[in-house]
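Peer 1: make a model of this:
(one chain, ligands or ions: 1)
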Amino acid sequence: MSTLYEKFGGEETIAKVVNYFYDLVLADDTVNHFFKHTDMEKQRKHQTKFISFALGGPNQYSGGAMSKVHEGMDLQPAHFDAIVKHLRSALLHFGVSEDDISKALNKVESLRGDILYK
Ligand code: HEM
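Peer 2: Okay, here's the model as predicted:
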């Protein structure tokens, strides 16, 4: 079965969504401080992995791996929700249907418990 990732043109389209998403995240004081000490390249890598994950592309993560990666950040629901909101806006901006957006958001939600409060 083809993934949303393939449906939207794979890496090339993802890069465009990432740029847009990246601007939204950096403009948002709720979450931008988490990336203050992260170098730009790593930050972009994070956003790309995040979007690819949401759309079912390569880089699928286990909850265990995600809980380790976000260890020490003590991420709260408000942070997670802000990221989800920006993902939604970015996908809407690129004309992704509500149906497909729901699928992407469900995917991201599945990791909420592994990422929060670590
Ligand atoms: C389903 C949701 C998420 C996924 C799939 C995800 C994915 C990842 C991955 C793969 C890394 C490893 C670092 C890398 O590849 O460069 C990472 C690191 C990180 N994530 Fe997430 N993430 C999620 C949610 C969040 C949220 C909600 C925040 C904060 C608002 C966040 C902030 C960070 C930060 C600050 C790093 C460390 C970057 C660094 O190395 O300095 N993540 N994330």
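Peer 1: helix, strand or coil for Asp29?
Peer 2: Reducing the assignment at Asp29 to three states with DSSP: H, G, I helix; E, B strand; the rest coil gives coil.
Peer 1: and what of Leu24?
Peer 2: The three-state label given to Leu24 by three-state DSSP is helix.
Peer 1: buried by neighbour count: which residues of stretch 17-29 qualify?
Peer 2: Of the residues in stretch 17-29, Val17, Val18, Tyr20, Phe21, Tyr22, Leu24, Val25 count as buried by neighbour count, 16 or more other CB atoms under 10 Å. All C-beta atoms are positioned from the backbone trio N, CA, C, and that covers glycine.
Peer 1: reformat those residues as JSON lines; add pLDDT and distance to the ligand.
Peer 2: Formatted as JSON lines, the entries for those read as follows, by pLDDT from 0 to 100; distance: CB to the nearest ligand atom, whole Å:
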{"residue": "Val17", "pLDDT": "90", "distance to the ligand": "14"}
{"residue": "Val18", "pLDDT": "89", "distance to the ligand": "13"}
{"residue": "Tyr20", "pLDDT": "94", "distance to the ligand": "17"}
{"residue": "Phe21", "pLDDT": "92", "distance to the ligand": "12"}
{"residue": "Tyr22", "pLDDT": "90", "distance to the ligand": "12"}
{"residue": "Leu24", "pLDDT": "96", "distance to the ligand": "12"}
{"residue": "Val25", "pLDDT": "94", "distance to the ligand": "8"}
